[in-house]
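K.L.:
Below are the sequence and a predicted model; questions follow.
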Amino acid sequence: MNTPLWQPTGARIANARVTDYRAWVARERGLDFPTYDALWRWSTTDLGAFWTSIAEYFDVRIEGTLAPALARDEMPGAAWFPNVRLNYVEQALRHATAARPAVVAGDESGRLDEVAWSDLVRKVGALAATLRKSGVARGDRVAAYLPNTPDAVVAFLATASLGAVWSLCSPDMGVASVVDRFKQIAPKALIAVDGYRFNGRVFDRRDVVASLRSALASVDTFVRVPFADLPAMPPDATSIEWKGAIAGEAPLAIERVPFDHPLWIVYSSGTTGMPKPIVHGHGGVVLEHLKLHALHDDIGSEDRFYWYSSTGWIMWNLQMGGLLTGATICVYDGSPGFPDLDALWRFADRAGATFIGSGAAYYVNCMKAAIAPRAGGRLPRLRSLGSTGSPLPPEAYAWLQNEFGSEVWINPISGGTDLASAFVGGVCTLPVFAGEMQCRCLGARVEAWTQDGRSVIGEVGELVCTGPMPSMPLYFWNDEGGRRYRDSYFDMFPGVWRHGDWIEITPRGGAIIYGRSDATINRHGIRMGTSELYSAVEALPEVADSLVVDLEYLGRESYMALFVVLREGATLDDQLKQRITSAIRTALTPKHVPNDIVAAPDVPLTLSGKKLEVPIKRLLLGEPIDRIVNRDAVANPQCLDWYVGFAEARSGRGAAEH
């Protein structure tokens, strides 16, 4: 598409934060960049100078010196700002003001609460004092099992202020998935909620929390967060009640830590093994989120920044980053579809949102349901819309632009849990073309590579990043020697980050994402490893083996198929399908229930016994079987013909549907 869907006005360009930053670079550095592309090229070729400029432009509170910026320029193992000490919380809470709230919160009940900056600071100080008194110190891990409420914001900031390390799971996750994550990091403290509400239903998680406490032997401090829709628990000598934990007027004492001190541990799963505990540092996240939110999302202190997310998605962490710019963050706890798809728009309107973000699937569903987001003159302050999680199809771009008009800028991004940010995204000084993200992000040396490592423009290739970024993982927790880290990102191209996405860099500098190039399940923006699903499904006595394939189509809804090999005498009837679905909901999340459950004669395996997930995925995406699989390398090649038949039948049905 060569006709822009949206063009920035002269006023939008003049008032953009990236325009002010370019003027600052020209004034302070004597560097003039007439185009965004020129600025991007400088930011990715002189990495030390660029990231130093970010720290100075945003006046990040540090002690020490910014030199050297990049003491070791390599991947993995880059060393950033070794002489700097800082703390994420200091950068966030420096913006405290009585002029606007820090947090606006809503939920399915329709309640809307505002948390003043002064109240946020007080609660963070009180909880930090409670944790410190309980023995939580710098470097200790604090695990949390909380929904997307202001309590989670307070708990995160209190943990980080101590130099302790935060890790969060959503309460819709089952015991096995949570234990698989938290047990690896041996948390000293656990902060957990009794229950939560989703899709109009109340979920009692007290038994789950009790199981977590039993399974996590390292926990010696437990903070119980009550849920209003459940009966109050009697006093418990082994617990600290949330109300008492955040009471009082303890002064907030923020501990400055080295630039690469761990801030949080998030989780991403490959196709085999346990979830990967990814460690990001204070300094890298501060610089990256300031750059992303201010220069790419055009967010400042006058904004109300809302990105719909659960606490199990990296977008929750990105939402917290709005505080670094001084913006008010708007958090919503509940289903995007209850009581109807208009619920999130209603909340955003009441919250006064200026920036709204969500998963692409939500916008597509609203489009199909003929939702009118601006009905009755709603969302008068809205300036920008963000999207991520899966590719936003061109027709959804057009629908959003038609609904919101030329004053609202559409800004999809793509990145992930691994770097807690985006590789490609937008900038409000450039035109928008439907189906295409506007640019590669500043400081991100992103390219599309062929299998032999050749960089291409206008062709689909592997998304790679050929230079380090400060928010790339410091390491994986308990990854002796860093082998798992290297295998996750640097196995295909040594010294070059391979992200696992198909990408096309357009001649005008934009980017189109075509979905995952590996077999990881990425459902509604929440990534899970296939091994986690297999553990749940194959625990059922009727299931001998299984194979799951998650397909992402540009312009279509994703499709996930679960193939099950049944034990002799078993039948895949509705009852068994319901038990499989229930097992997946319990062990993972409801979002990971497949579209289809299909009985298959066998699961194709390599000679070493590994499931052929990626080849079957490529087969279902339309590639010929003989191009993607060497039958001589398959232990049971006779079953491949069945999958070829399934793919042909699926392709015919898909053509009829679309």
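P.N.:
Thanks, I have it. Residues are numbered from 1 along each chain as shown.
K.L.:
Tell me the confidence at the residue nearest the centre of the chain?
P.N.:
The geometric centre of the chain, computed from its C-alpha atoms, lies nearest to residue 314 (C-alpha atoms, centre = their mean), at 2.5 Å. The score at residue 314 is 92. That number is its pLDDT.
K.L.:
Any stretches of the protein with poor pLDDT?
P.N.:
Scanning the chain with the threshold set as pLDDT under 70 gives 1, 269-273, 515-516, 518-520, 523-529, 531, 552-557, 607-609, 632-633, 652-658.
K.L.:
Against residue 536, how distant is the residue nearest to the residue nearest to the centre of the chain when sequence neighbours are not counted?
P.N.:
The shortest distance from residue 314 to any non-neighbouring residue, by C-beta to C-beta, 6 or more residues apart in numbering, is to residue 417 (4.2 Å). The C-beta positions use only the backbone N, C-alpha and C, and glycine is treated the same way. Relative to residue 536, residue 417 is positioned 21 Å away (C-beta to C-beta, to the nearest Å).
K.L.:
can you tell me which residues contact the residue nearest to the centre of the chain?
P.N.:
Residue 314 sits next to 266, 416-417, 420 when contact means C-beta atoms under 8 Å, 6 or more residues apart in numbering.
K.L.:
Report the two of these separated the most.
P.N.:
In the contacts of residue 314, the most distant members under the criterion C-beta to C-beta are 266 and 416, with 9.9 Å between them.
K.L.:
Please say which of those two ends up with more neighbours.
P.N.:
residue 266 (26 against 22; other C-beta atoms under 10 Å).
K.L.:
any idea what the residue of the chain most remote from its centre is structurally, helix, strand or coil?
P.N.:
Relative to the C-alpha centroid of the chain, counting by C-alpha atoms, centre = their mean, residue 569 is the outermost residue, at 42.3 Å. Using DSSP: H, G, I helix; E, B strand; the rest coil, the three-state assignment for residue 569 comes out as coil.
K.L.:
next one: residue 212
P.N.:
Put simply, residue 212 is helix when judged by three-state DSSP.
K.L.:
Give me the neighbour count for the closest residue to residue 473 other than its chain neighbours.
P.N.:
Nearest non-adjacent residue to residue 473, counting by C-beta to C-beta, 6+ apart: residue 278, 4.8 Å away. For residue 278, the count of nearby residues is 25 (other C-beta under 10 Å).
K.L.:
quick check, distance from the helix or strand where residue 278 lies to the centre of its chain.
P.N.:
With the criterion set as DSSP states H and E, the secondary-structure element containing residue 278 is strand 276-281. In terms of C-alpha atoms, centre = their mean, to the nearest Å, the centre of strand 276-281 is found 13 Å from the chain centre.
K.L.:
Same question for stretch 405-416.
P.N.:
On C-alpha atoms, centre = their mean, the centre of stretch 405-416 falls 16 Å from the chain's centre.
K.L.:
Please report how far residue 402 lies from residue 370.
P.N.:
Spatial separation of residue 402 from residue 370 under the definition C-beta to C-beta is 12 Å.
K.L.:
which residues touch residue 299?
P.N.:
With C-beta under 8 Å, 6+ apart, residue 299 has these contacts: 17, 293, 305, 322, 325, 327, 355.
K.L.:
And those, which is closest to residue 162?
P.N.:
Comparing those against residue 162 with C-beta to C-beta places residue 322 closest, at 22.1 Å.
K.L.:
what's near enough to touch the residue nearest to residue 314?
P.N.:
Residue 417 is in contact with 266-268, 278, 314, 527, counting by C-beta under 8 Å, 6+ apart.
K.L.:
my guess is residue 447 meets residue 505, correct?
P.N.:
Yes. Between residue 447 and residue 505 a contact is recorded at 6.8 Å, counting by C-beta atoms under 8 Å.
K.L.:
For the closest residue to residue 367 other than its chain neighbours, give me phi and psi.
P.N.:
Closest residue to residue 367 in three dimensions, ignoring its sequence neighbours and counting by C-beta to C-beta, 6+ apart: residue 399, at 4.4 Å. In this entry, residue 399 is assigned phi and psi values of phi -60, psi -50 (degrees, to the nearest 10).
K.L.:
I'd like to know how far residue 399 sits from residue 379.
P.N.:
Computed as C-beta to C-beta, the residue 399 to residue 379 distance reads 15 Å.
K.L.:
Settle it for me: which of these two has more neighbours?
P.N.:
Neighbours of residue 399 and residue 379, each counted by other C-beta under 10 Å, are more numerous for residue 379; the result is 24 against 20.
K.L.:
The residue lying closest to that one once chain neighbours are set aside: helix or strand, and which one exactly?
P.N.:
Closest residue to residue 379 apart from its sequence neighbours, by C-beta to C-beta, 6+ apart: residue 349 at 5.1 Å. Counting by DSSP H and E, the secondary-structure element that holds residue 349 is helix 343-351.
K.L.:
Which residues belonging to that helix are considered buried?
P.N.:
Buried positions in helix 343-351, judged by neighbour count with 16 or more other C-beta atoms under 10 Å: 343-349, 351.
K.L.:
go on, stretch 96-108?
P.N.:
Residues 100-108 are the ones in stretch 96-108 that count as buried (16+ other C-beta under 10 Å).
K.L.:
So which of the residues you listed belong to strands?
P.N.:
Applying DSSP state E to the buried residues of stretch 96-108, the entries found in strands are 101-107.
K.L.:
Give me the neighbour count for residue 46.
P.N.:
15.
K.L.:
tell me the SS of residue 396?
P.N.:
When the structure is split into helix, strand and coil by three-state DSSP, residue 396 lands in helix.
K.L.:
show me the residues around it that make contact.
P.N.:
Residue 396 is in contact with 360, 363-364, 367, 387, counting by C-beta under 8 Å, 6+ apart.
K.L.:
wait, isn't residue 54 in contact with residue 291?
P.N.:
Yes. Using C-beta under 8 Å, residue 54 is in contact with residue 291, at 5.4 Å.
K.L.:
which residues do those two both contact?
P.N.:
What both residue 54 and residue 291 touch, as defined by C-beta under 8 Å, 6+ apart, is the set residue 443.
K.L.:
So for these two, which sits in the more crowded spot?
P.N.:
residue 291 (29 against 22).
K.L.:
And the helices in the stretch 51-200 of the chain?
P.N.:
Read by DSSP state H, counting those that start in this stretch, the stretch 51-200 of the chain holds these helices, from start to end of the chain: 88-93, 117-133, 150-161, 175-185.
K.L.:
Throw the ones you listed into JSON lines and include distance to residue 497 and mean neighbour count, thanks.
P.N.:
Converted to JSON lines, these look like this (distance: least, C-beta to C-beta, whole Å; neighbours: other C-beta atoms under 10 Å):
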{"stretch": "helix 88-93", "distance to residue 497": "23", "mean neighbour count": "25"}
{"stretch": "helix 117-133", "distance to residue 497": "34", "mean neighbour count": "21"}
{"stretch": "helix 150-161", "distance to residue 497": "26", "mean neighbour count": "26"}
{"stretch": "helix 175-185", "distance to residue 497": "23", "mean neighbour count": "21"}
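K.L.:
Quick check: which of these is nearest to residue 618?
P.N.:
With C-beta to C-beta as the criterion, residue 618 lies closest to helix 175-185 of the helices of the stretch 51-200 of the chain, at 27.6 Å.
K.L.:
contact partners of that closest one?
P.N.:
Applying C-beta under 8 Å, 6+ apart, the set of residues contacting helix 175-185 from outside is 141, 143, 145, 165, 167, 169, 190, 208, 211-212, 215-216, 265, 267, 274-275, 277, 477-478, 532, 535-536, 586-589.
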